[in-house]
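only geometry, no sequence info:
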């Protein structure tokens, strides 16, 4: 597939234009020379250069009838009160430290929000890849002949090499049960009494008891 690059500029004058160019790889602006002048005569500010994918299709161009049948997306309605050059004062939150207040154009804040959303998407993708690496290392670590390298990779990615598995265990318990035969009515259900009275718990923080069952209760 042919590689493309998308260049995005913004004009900081009153026209507030957003300009995008997409070129086939090798035909765009050379490195270090990315100047662009807006139609209003103002020099634009380069916002980003990123790879772009234009899907290739060998389908014939649509006829006029097909164009008329195509459903177009409704145009975006810009509110009358919208002003991209409006200066806005907003709170900048920096973790647990005291908040700061900054003033910037609406257009600049919009791009900050957009870049923040893109960063969140990137973080999500990278976290997914780290989880995949964690699974690979955890499965291969025990039989690996190069555990030192696997450990170094895990430490570099802040991965805890924890392997979790289920287990079953049997515990034999003996004890004494006493009751007043004059005050108890009906037959004694020893299994129910023991089942209600006994429970298993772990004294080790690495072990979690998820299920238990009392079996083979009998009177000696």
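It's in. Everything numeric here is computed off the predicted structure, so don't read it as measured data. Numbers count the residues shown, from 1 in each chain.

which residues of this protein fall in strands?
Ranges of strands within the chain are 4-10, 18-24, 45-52, 87-92, 100-105, based on DSSP state E.

Point out the other helices and strands that the third one packs with.
Using 3 or more CB pairs under 8 Å, 6 or more residues apart in numbering; DSSP states H and E as the contact criterion, the neighbours of strand 45-52 among helices and strands are strand 4-10. All C-beta atoms are positioned from the backbone trio N, CA, C, and that covers glycine.

Parallel or antiparallel, which strands does the strand it packs on pair with?
strand 18-24 (antiparallel), strand 45-52 (antiparallel) (DSSP bridges).

Now do the same for the shortest one: mean pLDDT, whole number.
Pointing back at strand 18-24 there. For strand 18-24, the mean pLDDT works out to 82.

do the same with the last one
When pLDDT is averaged over strand 45-52, the result is 78.

Relative to the whole chain's centre, how far out is it?
A distance of 24 Å separates the centroid of the chain from that of strand 45-52, by CA atoms, centre = their mean, to the nearest Å.

Stretch 205-220 too?
Counting by CA atoms, centre = their mean, stretch 205-220 comes out at 39 Å from the chain centroid.

What is the end-to-end distance of that stretch?
By CA to CA, to the nearest Å, the extent of stretch 205-220 from end to end equals 36 Å.

just stretch 90-101 next, same as before
End-to-end distance (CA to CA), stretch 90-101: 6 Å.

quick revisit: which among the strands of the chain is found nearest to residue 212?
Nearest of those to residue 212, taken as CB to CB: strand 87-92 at 52.3 Å.

what residues are up against residue 51?
3, 4, 5, 6 (CB atoms under 8 Å, 6 or more residues apart in numbering).

Now the last one. Nearest residue, chain neighbours left out?
If you skip the residues right next to it in sequence, residue 6 has residue 52 as its closest partner in space, 4.1 Å away by CB to CB, 6 or more residues apart in numbering.

Could you list which residues are in contact with the one you found?
Counting by CB under 8 Å, 6+ apart, residue 52 touches 4, 5, 6, 22.
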